[in-house]
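**Student:** Here is the input, now give the coordinates:
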Amino acid sequence: MPQSLFILRFNSSSVDAWKEQIVVHQKVFADLGAKKMLVSPSVMNNLPSVVLFVTLPSENKDAFLNFFQGDAAADVPPPVLESPLGKLLTAPVQIEEFQVDFELGYGGSKAMAGSAVLVCTLTLVCAYDDFKAIFFELKDQLYPGCSKAFVCRVGDDQVSYVVVFPASHLAAAKALHSSIKPTPIRSLIEEGQVKEVTSLEWYGLICAVDRDNYAGPEQKIKIFGRINDAKLAKLSAACEQLQRSQETFSADISGLIEAEFELVVKTMTATMPGKSKDHLRVHAGGPLVLCNGEYVGSIREFELWALERYQYADNTPEYMYRARGRKALAAYMEAQGEDADFVFLDLAVLGAENKADPINPRVIIQLHRATLPKTCENFLTLAEESYAGSPFHRVTNKAWIQGGAVGDESIYGGVLEDESFAYKHVGPGDVGMASTGPHSNATQFYITLDKLDWLDNKKVVFGRVVDGLKAVRQVGRAEVRGWNQLRPLQTHYIASSGRLQAADLNKGRKEGALRTEGGPNDDEGRPPQGVREEGADAAAAVSSANDHQDQAERAALQLQKLGRGWKDRKRAKAMAATTLPREGPIAIPDVSADQLWAALSDWTGAGLVEQQFLSLCDLQGPPAIGSVRKLVTAEGMEIEETLLSNNAKHKCFSYAYTGPRAFLESQPFEECTMNWKVEADGEGCKVKCTAKYVLKAEQEYQAEAVEPMVVAIVEACCNHAKGVAP
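**Tutor:** From the prediction side, this is the model:
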């Protein structure tokens, strides 16, 4: 909105009285739309006078001028004479008007009070736009600590600006404006940028009112929230802006993992009155906001408060802040260093017709590696290799959920001792080892739904939930078969699991306890015949968006270096995977997806007959999205086709095949399965290939040796598809 700057000069019987009246009668100026008012003593006609600087929206300037000047033609006196301010005027008001081109600084009543003010007018030689660049460059040198500046264009070759800066720099600022001694101002004249300094006026403020930067009592905001919550990210952005623009506003923001956040909220609201005790339920786990120690609510209440007090509004949708939330969680994970590992669990439930329905959000668990290295390594390895497809076989309502029944031994062989009881059961989200007694930990684990302190020093707590308690509680609400079995009637299971690293988060994702006898026991808990297999088949559809090939590669390399683990003892191989080309998909403008598949079949020696080829590529009556069809050729080539999407403008298939063997005999890997993702649009297509390979015994993964071979396969096949010899 265009702003106007008025400089009012008038004799007054009492300068100090003007200071008092400006503060007391702020409403008079507020009704005229004034945003900032600065009062300085001066001398006019050898009499005490007052200089008043006022900024307001240009649309209000006529009403402002009428208030101080009236209508002489109609013989209407200025309304100011009838106001409380009129008693202080001893002569007509002299008014200068400027149109503000731009302003700098956040101002503030406290920051500007007692400051020095310069009103400077220059006659320019250079273009006005060039002067603006010069002003930006010299402002901090000429006026250090500048709290506010207004720059106004006057005519074609003049510019006036008003600068408010600390009075302690007044003497230095005057010296830097000398046109006789070598100064920045003299340099501008000598360089032909400025013709002359038309006027310099120096003032000292005795009063400042800034309606954009509100004075008054300190507003100390305290916010607690889940570290990766988009609402907390939006609140953080609001507080950052308000702390810069409002001198009475301060904020302290704490981003916590979800399990810790719930404990803090319950503790802080326990002694507060009213609905604050139900904050987690009323606000669905949203951030907790306090102002000067008093309960405000969550993000909606804060936004209403900020709008009413500071006229601050942020209409940006919360989902735009999700990336900020992911970055905050990634920074937290990186800050833990080697003291902690992180694991993800994607949960699902088998519904009608054994359809897998995902349970959101993803569960992220922090492992206390520094204190319990063996227990954490056991859980991490099982999460990477064994938990996917396994059910939660025991659910104790409001107490815990239990899963991980994938074997009778830990990764070290046999059972694992109770490594440490350093961590206690403090509330929802504690992750511990289920056992049948002392030193009997194997593969089963539990996640608490409330504070289970009666299990302290009996069960080993080795982790806490960082995010995803909502999903955990959904499993905890499952209907069970009976108190003695506690197995859910519907199969709730782990669709996928593995190590989570900070780099993975930046990629984004498509996507009071009842005490019971015993506790989480490593009981039979094995899934009935066929349940694990059904869960594993459905896991691909639920977690396909969470598969990260580089994660599998790092896990394989770590296991290879460690040389241990109950599966590693059964094999002397290492699996690795990579997605190539790394710079992005290969574009093939003149080849359709169907033609590329034909080239794939031909180049790999699959030898498919024409009828089989047509059955794969004919889009009439296509299979359901996500379905998989398998073929085995006469040469033993195994081929899988997965339909990912299919519409008039876009086709996306995944082709996985094993071979050809003749090529693999000379390579450092025993098997190579390449998943081709072909995206077609119009007459052309784009190709991305993910190669999974099993290294031969005694071979170490070397990216510089393996990846060029895979790239060569991709390029050769694409060239073949375009009719170019490989």
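**Student:** who does Gly204 bridge with?
**Tutor:** Ala116 (DSSP bridges).
**Student:** and what of Val209?
**Tutor:** In beta-bridge terms (that is, DSSP bridges), Val209 pairs with Met37.
**Student:** how close does it get to Ala330?
**Tutor:** Val209 sits 44 Å away from Ala330, going by C-beta to C-beta, to the nearest Å. (C-beta placed from N, C-alpha, C; glycine too.)
**Student:** between these two, which one's more packed in?
**Tutor:** Using other C-beta atoms under 10 Å, the more surrounded residue of Val209 and Ala330 is Val209, with 22 against 19.
**Student:** Run a quick check on that one versus Lys110, I expect a contact.
**Tutor:** No. Val209 is beyond contact range of Lys110, at 10.9 Å (criterion: C-beta atoms under 8 Å).
**Student:** for the stretch 601-726 of the chain, what are the low-confidence residue spans?
**Tutor:** Applying pLDDT under 70 to the stretch 601-726 of the chain picks out residues 601-677, 679-683, 688-726.
**Student:** Find the residue closest to Ile299 in space, skipping its chain neighbours.
**Tutor:** Spatial nearest neighbour of Ile299, chain neighbours left out: Lys231 (4.7 Å); criterion: C-beta to C-beta, 6 or more residues apart in numbering.
**Student:** Then Met268?
**Tutor:** Nearest to Met268 is Leu288, by C-beta to C-beta, 6+ apart, at 6.9 Å.
**Student:** got the contact list for the one you found?
**Tutor:** Residues counted as contacts of Leu288 (C-beta atoms under 8 Å, 6 or more residues apart in numbering) are 223-225, 264-265, 268-269, 279, 298.
**Student:** So which of those belong to strands?
**Tutor:** Using DSSP state E, 223-225 are the members of the contacts of Leu288 that sit in strands.
**Student:** among those, who's most crowded?
**Tutor:** When neighbours are counted by other C-beta under 10 Å, Gly225 leads those with 30 neighbours.
**Student:** Show me what it is bridged to.
**Tutor:** Beta bridges link Gly225 to Gly255 when assigned by DSSP bridges.
**Student:** which residues touch it?
**Tutor:** 231-232, 235, 253-256, 261, 286-288.
**Student:** Need phi/psi at the residue nearest to Met268.
**Tutor:** phi -100, psi 130 (degrees, to the nearest 10).
**Student:** picking that back up, select only the buried ones of the contacts of Gly225 in ChimeraX?
**Tutor:** Entered in ChimeraX, the line below selects the buried ones among those, by 16 or more other C-beta atoms under 10 Å:
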select :231,232,235,253,255,256,261,286,287,288
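**Student:** hang on, the earlier thing: how close does the residue nearest to Met268 get to Met433?
**Tutor:** From Leu288 to Met433 the distance is 32 Å (C-beta to C-beta).
**Student:** Sketch out the low-pLDDT regions of the stretch 101-250 of the chain for me.
**Tutor:** Across the stretch 101-250 of the chain, the ranges flagged by pLDDT under 70 are 215.
**Student:** how about the helices in it?
**Tutor:** 109-112, 128-142, 170-176, 184-190, 230-245 (DSSP state H, counting those that start in this stretch).
**Student:** Pull out the buried positions in the last one.
**Tutor:** Buried positions in helix 230-245, judged by neighbour count with 16+ other C-beta under 10 Å: 230-236, 238-239, 242, 245.
**Student:** okay, the helices of the stretch 101-250 of the chain in a markdown table with distance to Lys470 next?
**Tutor:** Formatted as a markdown table, those follow (distance: least, C-beta to C-beta, whole Å):
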| stretch | distance to Lys470 |
| --- | --- |
| helix 109-112 | 44 |
| helix 128-142 | 49 |
| helix 170-176 | 59 |
| helix 184-190 | 60 |
| helix 230-245 | 14 |
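**Student:** Out of these, which gets nearest to Gly498?
**Tutor:** Nearest of the helices of the stretch 101-250 of the chain to Gly498, taken as C-beta to C-beta: helix 230-245 at 24.4 Å.
**Student:** Packing partners of that closest one?
**Tutor:** Helix 230-245 is packed against strand 219-226, strand 249-256, helix 299-310, helix 322-336, with contacts defined by 3 or more C-beta pairs under 8 Å, 6 or more residues apart in numbering; DSSP states H and E.
**Student:** most neighbours per residue, which of those?
**Tutor:** strand 219-226 (a mean of 21; mean count of other C-beta atoms under 10 Å).
**Student:** relative to helix 322-336, how tilted is that one?
**Tutor:** 80 degrees (axes from the mean of the first three to the mean of the last three C-alpha atoms, to 10 degrees).
**Student:** still on that earlier bit, distance-wise, check the residue nearest to Ile299 relative to Phe342.
**Tutor:** Lys231 is 22 Å from Phe342, by C-beta to C-beta.
**Student:** Do I have it right that Pro391 meets Gln490?
**Tutor:** No. The criterion here is C-beta under 8 Å, and Pro391 misses it with Gln490 at 9.8 Å.
**Student:** mean confidence for stretch 417-431?
**Tutor:** Stretch 417-431 carries an average pLDDT of 95.
**Student:** Oh, that last question was meant for stretch 309-324, not what I typed.
**Tutor:** What stretch 309-324 shows for mean pLDDT is 84.
**Student:** can you list the residues that contact that stretch?
**Tutor:** 214, 219, 230-231, 233-234, 236-238, 241-242, 245-246, 249, 303, 306-307, 508.
**Student:** Could you rerun that using 6 Å?
**Tutor:** For stretch 309-324, contacts defined as C-beta atoms under 6 Å, 6 or more residues apart in numbering pick out 230, 233-234, 238, 246, 306-307.
**Student:** wait, isn't Leu52 in contact with Phe10?
**Tutor:** No. Contact criterion C-beta atoms under 6 Å: Leu52 and Phe10 do not qualify, at 7.9 Å.
**Student:** wait, what's in contact with Gln3?
**Tutor:** By C-beta under 6 Å, 6+ apart, the contact set of Gln3 is 55, 100.
**Student:** ok, now how distant is it from Lys36?
**Tutor:** Distance of Gln3 to Lys36, given as C-beta to C-beta: 9 Å.
**Student:** Now for those two: what residues contact both?
**Tutor:** What both Gln3 and Lys36 touch, as defined by C-beta under 6 Å, 6+ apart, is the set Thr55.
**Student:** Next secondary structure element downstream of the host helix or strand of Ser4?
**Tutor:** Following DSSP states H and E, the helix or strand that holds Ser4 is strand 3-11. Next along the chain after strand 3-11, taking DSSP H and E as the criterion, comes helix 15-24.
**Student:** Buried residues, the next helix or strand after that next one. List them.
**Tutor:** Using DSSP H and E, the next helix or strand after helix 15-24 towards the C-terminus is helix 26-31. Buried residues in helix 26-31, counted by 16+ other C-beta under 10 Å: 28-29.
**Student:** just to revisit the earlier point, so for Arg473, which of the helices and strands packed on helix 230-245 sits nearest?
**Tutor:** Smallest distance to Arg473 across the helices and strands packed on helix 230-245 (C-beta to C-beta): 14.6 Å, for strand 219-226.
**Student:** how much does that closest one deviate in direction from helix 230-245?
**Tutor:** Computed by the same axes, to 10 degrees, the angle between strand 219-226 and helix 230-245 is 160 degrees.
**Student:** Make 26 the first number, not 1, from now on.
**Tutor:** Happy to do that; since the first residue is 26 now, the last one works out to strand 244-251.
**Student:** now strand 244-251 and strand 274-281, what's the angle there?
**Tutor:** Put simply, strand 244-251 runs at 10 degrees to strand 274-281, going by the same axes, to 10 degrees.
**Student:** And Pro416 and Gln515? Which one has more around it.
**Tutor:** Comparing Pro416 with Gln515 by other C-beta under 10 Å, the one with more neighbours is Pro416, at 26 against 15.
**Student:** quick one on the thing from earlier: so what's the residue nearest to Ile324 up against?
**Tutor:** Lys256 touches 311-312, 324, counting by C-beta under 6 Å, 6+ apart.
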